[in-house]
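A.B. asks: Let me see the structure of the following:
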Amino acid sequence: MTGGFLALALLCPAAEPTGLQKGDELTFQGTVEEANDRVGSRFRRAQKLEVRVLVLDTKETWVDAAVLTLLRRSDDAVTGAVGKITGGAPDKTTPPAARLDLVRVHSDGTVHRLLPVGAPFALDAKTPAHVLPAIPLDTFAPFEFGMFPPRSPKDTADKPWVLASADPNRPAETWQAQGSEFVTAARCNVLVANQQHADWAKPVGGRTAWHRADAVWVSPLDGTARKVHRVIRHRDGLATELVAWVEVKYELKDSTRVIGRGFDRYRRDIETAFTTAADVAPFLPNAAKHGPKFFEARLQKLDAYLEESDTTSPFREAVLAVRRQLDAARRGELIRRAP
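C.D. replies: Residues are numbered from 1 along each chain as shown. Sure, this is the predicted structure:
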């Protein structure tokens with residue numbers, strides 16, 4: 001697993017590899033709060049977080065799912081020199097930032113990000129898969145997979161267990177079970193983890209040190225988390241005071257199963273958004289070089305799809321996000337590729 005990232009697995013050693021079934025839809029809601037007290041860049045920012053998971057298919061040894069992460073600005077108070085330039089009031093009409101990922105969770109607890117080609121895409125053993133990007137330690141990631149908690153080895157009981165990091169610059173994650181609590185009327189097992197920079201306990205001049213703490217409340221019914229809480233904190237130099245922090249909190253708000261035509265509509269939105277984004281991604285960093293006509297043709301095709309598609313589909317936001325990228329590229333704006 002990548003370092004600094006929740007090892008993804010659908011856990012429940014006493015059950016089948018997963019309790020999730022094709023069409024299961026999980027909706028999580030919460031908040032993301034960020035703060036920076038460094039001189040010249042002080043700010044406070046709050047955003048509403050929604051993560052929607054749709055199980056696309058299940059096999060004997062894995063589960064494939066689409067994960068849509070949405071961020072909506074709820075507050076953006078900027079102070080100091082930056083505030084004089086940008087102002088502190090958020091634009092109420094700003095659409096949500098949207099990120100769509102496809103993941104495969106294996107029965108042995110490993111997880112990969114899927115990168116199928118073409119639409120309708122085939123999800124099988126030959127589907128290209130890559131390691132997951134690591135959670136950044138200085139800001140909120142555009143993706144969120146904390147609802148898939150780490151897998152507890154069968155022989156650990158109440159003892160801590162270690163998840164090794166593939167990133168040499170990050171320490172391993174040490175997890176431990178800490179009893180159980182009720183969340184959304186379900187008894188959940190509580191798992192906690194801590195990671196920290198080598199200088200966290202003894203600050204060193206000229207260096208930034210960080211500490212990350214995670215807690216997940218896992219339901220034994222299907223192995224997914226009902227609640228997730230993560231805090232990342234920063235210190236600079238010899239001072240012990242915090243100079244920056246990021247706090248992420250969310251809970252399961254709805255769980256349902258989508259079947260028939262409803263599932264087909266959701267999947268079409270997912271396939272359209274994913275394949276269109278993958279098709280144009282190589283051209284976005286140099287949009288001005290390719291010219292507006294290159295992107296206008298793709299915009300017209302996407303607009304035709306949106307005109308005839310279901311406006312009530314929650315995964316329509318992923319299609320609209322790709323359309324905003326195409327429109328920005330048509331205007332020659334610089335767009336950075338996501339990890």
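A.B. asks: Stretch 256-264 - what's its average pLDDT?
C.D. replies: Averaged over stretch 256-264, pLDDT sits at 96.
A.B. asks: tell me which residues of that stretch are tucked away?
C.D. replies: Within stretch 256-264, the residues that qualify as buried are 258, 262, 263, counting by 16 or more other C-beta atoms under 10 Å. Any C-beta I mention is one placed from the backbone N, CA and C, and that applies to glycine too.
A.B. asks: Stretch 24-33 too?
C.D. replies: Those would be 24, 25, 26, 27, 28, 29, 30, 32, 33, for stretch 24-33 by 16+ other C-beta under 10 Å.
A.B. asks: Dump these to TSV, plus secondary structure, pLDDT and distance to residue 51.
C.D. replies: Below are those laid out as TSV (DSSP: H, G, I helix; E, B strand; the rest coil; pLDDT from 0 to 100; distance: C-beta to C-beta, whole Å):
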residue	secondary structure	pLDDT	distance to residue 51
24	strand	96	14
25	strand	97	11
26	strand	96	8
27	strand	98	8
28	strand	98	4
29	strand	97	8
30	strand	97	8
32	strand	95	11
33	strand	95	16
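A.B. asks: out of the residues you listed, which one sits closest to residue 327?
C.D. replies: When the buried residues of stretch 24-33 are compared for distance to residue 327 (C-beta to C-beta), residue 32 wins out at 25.7 Å.
A.B. asks: Okay, and the beta partners of the closest one?
C.D. replies: residue 47, residue 248 (DSSP bridges).
A.B. asks: rewinding a little: the buried residues of stretch 24-33: which two are farthest apart?
C.D. replies: Longest distance between any two of the buried residues of stretch 24-33 is 29.5 Å, between 24 and 33; criterion C-beta to C-beta.
A.B. asks: ok, now how distant is residue 140 from residue 192?
C.D. replies: 20 Å (C-beta to C-beta, to the nearest Å).
A.B. asks: So between these two, which is more surrounded?
C.D. replies: residue 140 (22 against 15; other C-beta atoms under 10 Å).
A.B. asks: So which bits of stretch 123-143 are buried?
C.D. replies: For stretch 123-143, burial by neighbour count (16+ other C-beta under 10 Å) applies to 123, 127, 129, 132, 133, 134, 135, 137, 140, 141, 143.
A.B. asks: let me redo that: stretch 290-305
C.D. replies: Here stretch 290-305 shows 295, 298, 299, 302, 305 as buried, counting by 16+ other C-beta under 10 Å.
A.B. asks: State the phi and psi torsions of the second one.
C.D. replies: The main-chain torsion angles of residue 298 are listed as degrees, to the nearest 10 and equal phi -70, psi -30.
A.B. asks: need the contact list for it.
C.D. replies: For residue 298, the contacting residues are 276, 279, 280, 326, by C-beta atoms under 8 Å, 6 or more residues apart in numbering.
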